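K.L.:
Sequence plus predicted model, see below.
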Amino acid sequence: MYNYYNYFNNVNFQKQNLRNMDYQNDNLFNPYQGLVRGNIFKNLYQPYKNEKIYEIKPMNEQAKILTDIDALEFAMIDLNLYLDVNPDDQKAIEIYNMYRIENEELLKFYQERFGPLLLNSDVLNNMPWMWDNKPWPWEN
Amino acid sequence: MWKYVKKLEYPINITKKDLNMAKNMMAQYGGPDSELGAALRYLNQRYTMPDEKGFALLTDIGTEELAHFEMIATMIQQLMKGATIEELKEYNLSGYYTQHDHANFPIDTNGVPFTTSYIEATGDYWADLESDMAAEQRAKVTYEKLINQTNDPDVIGPLSFLRQREVVHYNRFKELRDYYINKFKG
């Protein structure tokens, strides 16, 4: 478990913590490196021509934490597709669950501070109804 | 059923208006190899996959394609944001303005409306999975042509992400096809 109260002091959270929480795994990019590539599987990664990596540059703390959620959920999406066809890979199931548990904590932390991302969030027990609140995903 | 998560799969924050790219992006919103087509293709085919591996993979990739449809919608919205009638006219979008204003609407980059004849569901796993692999390849090439037409990193970032997803999906469909061919041989 991370100390989220130190979170805001760590400007490079998504480059450090997500890297540290990775299992030593030669086959997978960590969640953030996977997100910026669109692929966590090193053996499948196929960049376009001399494509460079486009770093995600969150403009505030809220966007920074959301990027970490994006990264963890992306890793889960990619592992899920792999596990659909390879359901007997124990290591992949362990990594999936590590990211899942970490993401649950981070989602709770984010939603308490910045509002709901999901309709089962505890913060929906408030007046007025918070689901409407900005930002909606397509707003920049 | 589906549940909404109030965020994008990959963050999009485009600040530079670009009507030419907005128009080009419609290829992936309502074109033959669009994210809309991909979602409908897999979510219709999933019922006739031979076993649970196919049910799961086509459900999950189909669901991810819906998230990509939302990403493309977001890119079009942000690329067109604040465009005046004069600017839209300049980029041959006055017909679009007349019918849709600043709303999103699934047509392709030439204005051809989305049609279900772009997708297929034969009821045969082998035929469907090979058509899915080809669809992923065509979408990948479309993303490469979109990347070739912009220098804006805020646009290339999400386009590269989406292109790479086509690579992964292609490989998963191929893995599933090979598994079925081996399972049902002889």
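P.N.:
Arrived safely, thanks for sending. Numbering: from 1, shown residues only, chains lettered A, B, ... in the order given.
K.L.:
which secondary structure element contains the closest residue to chain A within chain B?
P.N.:
Closest residue of chain B to chain A, Cβ to the nearest Cβ: B:Gln164 (3.0 Å). Quick note: C-beta positions are derived from backbone N, CA and C, even for glycine. Secondary structure assigned from DSSP states H and E places B:Gln164 in helix B:153-183.
K.L.:
name the helices or strands packed onto that helix?
P.N.:
Taking 3 or more Cβ pairs under 8 Å, 6 or more residues apart in numbering or on different chains; DSSP states H and E as the contact definition, the neighbouring helices and strands of helix B:153-183 are helix A:31-37, helix A:61-85, helix B:52-80, helix B:125-147.
K.L.:
from the ones you listed, which stretch is densest packed?
P.N.:
Among the helices and strands packed on helix B:153-183, helix A:31-37 has the highest mean neighbour count (mean count of other Cβ atoms under 10 Å in any protein chain shown), at a mean of 24.
K.L.:
Okay, buried residues for stretch A:39-53 please.
P.N.:
Taking 16 or more other Cβ atoms under 10 Å in any protein chain shown as the basis for neighbour counts, the residues of stretch A:39-53 that come out buried are A:Asn39, A:Ile40, A:Phe41, A:Leu44, A:Tyr45, A:Gln46, A:Tyr48.
K.L.:
What is the burial count for the residue nearest to B:Phe184 when sequence neighbours are not counted?
P.N.:
If you skip the residues right next to it in sequence, B:Phe184 has B:Pro50 as its closest partner in space, 7.3 Å away by Cβ to Cβ, 6 or more residues apart in numbering or on different chains. For B:Pro50, the count of nearby residues is 15 (other Cβ atoms under 10 Å in any protein chain shown).
K.L.:
same deal with A:Asn86?
P.N.:
15.
K.L.:
Kindly report the same for B:Phe184.
P.N.:
Other residues within reach of B:Phe184 by the criterion other Cβ under 10 Å amount to 10.
K.L.:
quick one: it and B:Asp178, what's the gap?
P.N.:
Taking Cβ to Cβ, to the nearest Å as the measure, B:Phe184 falls 11 Å from B:Asp178.
K.L.:
Also B:Glu166?
P.N.:
Summarising the geometry, the distance separating B:Glu166 from B:Asp178, computed by Cβ to Cβ, is 19 Å.
K.L.:
Between the two, which has more neighbouring residues?
P.N.:
Taking other Cβ under 10 Å, B:Glu166 and B:Asp178 do not tie; B:Glu166 has more neighbours (24 against 12).
K.L.:
for the closest residue in space to the more buried one that isn't next to it in sequence, what are its contacts?
P.N.:
Nearest-residue entry for B:Glu166: B:Lys140, 3.8 Å, with adjacent residues in sequence omitted and distances by Cβ to Cβ, 6+ apart. The neighbours of B:Lys140, taking Cβ atoms under 8 Å, 6 or more residues apart in numbering or on different chains as the test, are B:Arg163, B:Glu166, B:Val167, B:Tyr170.
K.L.:
out of those residues, which one sits closest to A:Ile95?
P.N.:
Proximity of those to A:Ile95 was ranked by Cβ to Cβ; the top entry is B:Val167 with 20.6 Å.
K.L.:
Please look at the closest one and A:Asn39 and confirm they touch.
P.N.:
Yes: between B:Val167 and A:Asn39 there is a contact at 6.7 Å, judged by Cβ atoms under 8 Å.
K.L.:
what sits in contact with each of those two?
P.N.:
With contacts defined as Cβ under 8 Å, 6+ apart, the residues shared by B:Val167 and A:Asn39 are A:Tyr45, A:Gln46.
K.L.:
element containing the closest residue to B:Val167 other than its chain neighbours, please.
P.N.:
With Cβ to Cβ, 6+ apart as the measure, A:Gln46 is the residue that lies nearest to B:Val167, at 4.7 Å, once sequence neighbours are left out. Using DSSP H and E, A:Gln46 is not contained in any helix or strand.
K.L.:
ok, back up a step: I'd like to know which of the helices and strands packed on helix B:153-183 is closest to B:Tyr91.
P.N.:
Judged by Cβ to Cβ, the one of the helices and strands packed on helix B:153-183 that comes nearest to B:Tyr91 is helix B:52-80, at 9.6 Å.
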